[in-house]
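Undergrad: how would this look folded up:
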Amino acid sequence: MAEPRRILVAGAGAAGFFAAITCAEGDPSAEVTLLELTAHPLAKVKVSGGGRCNATHACFDPLELAKNYPRGSRELIGPFNRFGPTETIAWFKCRGVELKVESDGRMFPVTNDSGTIVACLEGAARKAGVRLLTGMGLSSLEALPGPDGSRFRATLSTGEAFIARSVLLATGGVKAGSGMSLAATLGHKVEPPVPSLFTFHIDDPRLLGLGGVSAPRVSVAAQGTRLREVGPILVTHWGLSGPAVLRLSAWGARELNALGYRFTLAVNWAEPETPGRVRHLLERDRSAHPKRKVSTANPFGLPARLWERLVAAAGIHADATWASISNDALHGIVSQVTSSEFSVSGKSMNKEEFVTCGGVNLSEVNMATMESRLCPGLYFAGEVLDIDGITGGFNFQAAWTTGWQAGQAMAIG
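TA: Down below sits the predicted model:
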């Protein structure tokens, strides 16, 4: 009796689990082994989305979906046509997990519990016969010569040798981990990983004590660059966060890294209002309510405490009325509302979506199968590739998509 084909998957995160399940379901005769260096497989899935798991995004046009990826947008269009959010929703549904859409397009399990996704993946892996080994990583990988069925000799972190027909590297991209290093030893170019989806450190009296205050529509721009985003913003105890900041950090991951995360951030708190329009609205409020305190006027519906700080930053006393302030003081409010400048002095990783840009160069990967163009039988999935998305479920969708494609290809090959 012929030996079963041995498939080795390194990395038991979203992409690795999905690939292992897909491969084992596609070829039940294959022996699929899934390695996880830590004792906690699917750890990122468990904590994502505040413990709810933002599994995907309700964007069903592959072209539109791909626009949410600062790295990999062009290369992902084909894969999304084969396995996108529609297929992801169906995959989980047929395994007993319903996903729901929230107002901003993010999709979560109806249970609002990431444990539902984790249990589904673990159950599907067991049912498919995937062998999961935790506390065990991949130390080295050698391509074997010759045309026979065994293509790789892998050395596990325990020192054990493992002969495999196909190997998938899905070790993530938070650090320049073993997957990227092993890809490099087999001839692949690896783009240096740098953080993406991070928040900004800002020490400024206008924000002091405002942690938790948010505004629904704000524009943020990194001065000296073309980076600009619009969306909700959140004041934190260390600076600024929220979707607009996270998107800016994603699109500017490499540029902001080159700046050492020190730059000036321009903020328009009244987006899409222009300075001229803001001045007009302020003058109208001043004419209509001359005895109103400027510090409580707030004609833009900003959080009250934030408006008070902006007024104070314009040099206006808390008890001053519209009738008592000069045109220069009015201009100061316009400036604070539409073009506040904040000195960014560093970053913090977003706790829910710790993502990096960088990884295996996509030109060296067949994006229809996720197989290496340089080393037959070697596959990649997830963040070990130079692919990353903005916040909102896009990084998990890339993991499901690339994992599914790799699993399908390994099941056949």
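Undergrad: what about residue 337, which SS state?
TA: Per DSSP: H, G, I helix; E, B strand; the rest coil, the secondary structure class of residue 337 is helix.
Undergrad: and the pLDDT at it?
TA: pLDDT for residue 337: 98.
Undergrad: cool, the one 10 residues further on as well?
TA: What the model reports for residue 347 is a pLDDT of 94.
Undergrad: quick check: bridge partners of it?
TA: residue 200 (DSSP bridges).
Undergrad: give the contact list for it.
TA: By C-beta atoms under 8 Å, 6 or more residues apart in numbering, the residues touching residue 347 are 195, 198-201, 249, 256, 261. Heads up, the C-betas are built off the backbone N, CA and C, glycines and all.
Undergrad: which residue in the residues you listed has the weakest pLDDT?
TA: residue 195 (91).
Undergrad: contact partners for that one?
TA: Residue 195 touches 249, 253, 257, 347, 349, 355-357, counting by C-beta under 8 Å, 6+ apart.
Undergrad: among the residues you listed, who's most crowded?
TA: Within the contacts of residue 195, most neighbours by other C-beta atoms under 10 Å means residue 249, with 31 neighbours.
Undergrad: once you drop chain neighbours, what's closest to that one?
TA: residue 198 (4.7 Å; C-beta to C-beta, 6 or more residues apart in numbering).
Undergrad: how near is that neighbour to residue 383?
TA: Distance of residue 198 to residue 383, computed by C-beta to C-beta, to the nearest Å: 15 Å.
Undergrad: cool, and residue 291?
TA: Distance of residue 291 to residue 383, computed by C-beta to C-beta: 58 Å.
Undergrad: of the two, which one has the most company?
TA: The neighbour comparison of residue 291 against residue 383 (other C-beta under 10 Å) goes to residue 383, with 34 against 8.
Undergrad: so that one, which state does it fall into?
TA: Reduced to three states by three-state DSSP, residue 383 is helix.
Undergrad: give me the distance between it and residue 308.
TA: Distance from residue 383 to residue 308, by C-beta to C-beta: 42 Å.
Undergrad: report the distance from stretch 317-327 to the chain centre.
TA: In terms of C-alpha atoms, centre = their mean, to the nearest Å, the centre of stretch 317-327 is found 45 Å from the chain centre.
Undergrad: list the contacts for the closest residue to residue 215 other than its chain neighbours?
TA: Residue nearest to residue 215 in three dimensions, not counting chain neighbours: residue 233, with 5.3 Å by C-beta to C-beta, 6+ apart. By C-beta under 8 Å, 6+ apart, residue 233 lies in contact with 214-215, 218, 220, 240-245, 267.
Undergrad: repeat the analysis, applying 6 Å as the threshold.
TA: Contact partners of residue 233, counting by C-beta atoms under 6 Å, 6 or more residues apart in numbering, are 215, 218, 242, 244.
Undergrad: residues contacting the closest residue to the third one other than its chain neighbours?
TA: Same thing as residue 242. Spatial nearest neighbour of residue 242, excluding adjacent residues (C-beta to C-beta, 6+ apart): residue 234 at 3.7 Å. Each residue near residue 234 by C-beta under 6 Å, 6+ apart is listed here: 214, 241-242.
Undergrad: kindly recompute the last result at 8 Å.
TA: Residue 234 makes contact with 212-214, 240-242, 245, according to C-beta under 8 Å, 6+ apart.
Undergrad: kindly report the same for residue 24.
TA: 30, 32, 125, 128-130, 411.
Undergrad: between the contacts of residue 195, which is closest to residue 141?
TA: Set against residue 141, the nearest of the contacts of residue 195 by C-beta to C-beta is residue 356 (21.5 Å).
Undergrad: that closest one should be in a strand, yeah?
TA: Yes. Applying three-state DSSP, one finds residue 356 inside a strand.
Undergrad: what about it, distance to residue 11?
TA: Applying C-beta to C-beta, the value for residue 356 to residue 11 is 14 Å.
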